[in-house]
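Undergrad: Give me a model of this one.
(2 chains)
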Amino acid sequence: AQSVTQPDIHITVSEGASLELRCNYSYGATPYLFWYVQSPGQGLQLLLKYFSGDTLVQGIKGFEAEFKRSQSSFNLRKPSVHWSDAAEYFCAVGPMDRDDKIIFGKGTRLHILP
Amino acid sequence: GAGVSQTPSNKVTEKGKYVELRCDPISGHTALYWYRQSLGQGPEFLIYFQGTGAADDSGLPNDRFFAVRPEGSVSTLKIQRTERGDSAVYLCASSSLGGTGELFFGEGSRLTVL
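TA: The predicted structure follows:
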């Protein structure tokens, strides 16, 4: 069965430091992969997505993610975080070969130290 | 409208009552999803519509939950005989490309069952 694992429930980094949020998936074939962000009191917003091609994808707000097929991973990175990046981040996976549901991981809450 | 609209934004009800939650997707979006998000958890898939039909309702937890989308636009999630465990934020999302495209989320309907 398809699943998404985000092993870190909470992560705390200092403002200006680099960030990596981990995501592993289990899927029968190469999936579509997404990262969403949820800020307090706001709806989920797409940061970036991977469908095919270059395995390093760029998103909004300076985020990027790298698809590694051999590791079934799609980790999210940012070279230098800002206080406004404090939020909950969700990795999600959907099927590539047909319309079907998109499922989400449990999320990683990012805290930023001043 | 410009985005996905969900009403009510907050609903407090008593155990055993019937509840309806409404989702108005982005105009022209053929795919519509319902998710449930409990505190500290990721969005949990409930049901996915492609047009008027439920393409996948495997996430509905039991037969107290039902959703309709009679004209392929607005959708209503119906919960009968509510239980305290149904308390959560119910999220609706729409997409123009089914499971392969970006999901646009509403801000959710927070349901509290007393």
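Undergrad: alpha carbons only for contacts and neighbour counts from here, please
TA: Will do.
Undergrad: The closest residue to chain B within chain A: neighbour count?
TA: The minimum distance from chain A to chain B, using Cα to the nearest Cα, falls at residue A:106 (4.0 Å). Using other Cα atoms under 10 Å in any protein chain shown, residue A:106 is surrounded by 23 other residues.
Undergrad: Next: residue B:28.
TA: Number of residues near residue B:28 (other Cα under 10 Å) recorded here: 11.
Undergrad: Just want the most central residue of chain A.
TA: The structure's chain A has its C-alpha centroid closest to residue A:35; by Cα atoms, centre = their mean the separation is 3.5 Å.
Undergrad: Quick one: residues contacting the spatially closest residue to it that is not a sequence neighbour.
TA: Residue nearest to residue A:35 in three dimensions, not counting chain neighbours: residue A:91, with 4.6 Å by Cα to Cα, 6 or more residues apart in numbering or on different chains. Residues counted as contacts of residue A:91 (Cα atoms under 8 Å, 6 or more residues apart in numbering or on different chains) are A:4, A:6, A:23, A:33, A:34, A:35, A:36, A:104, A:105, A:107.
Undergrad: and the nearest residue to residue A:104 once chain neighbours are set aside, what pLDDT?
TA: Distances taken as Cα to Cα, 6+ apart place residue A:92 nearest to residue A:104, at 4.2 Å, with adjacent residues excluded. If you check residue A:92, the pLDDT there is 94.
Undergrad: same check, this time on the one 10 residues further on
TA: The predicted structure scores residue A:102 at 86 on the pLDDT scale.
Undergrad: contacting residues around the residue of chain A positioned farthest from its centre?
TA: For chain A, the C-alpha farthest from the mean C-alpha position belongs to residue A:114; by Cα atoms, centre = their mean, that distance is 23.2 Å. Neighbouring residues of residue A:114 by Cα under 8 Å, 6+ apart: A:14, A:15, A:83.
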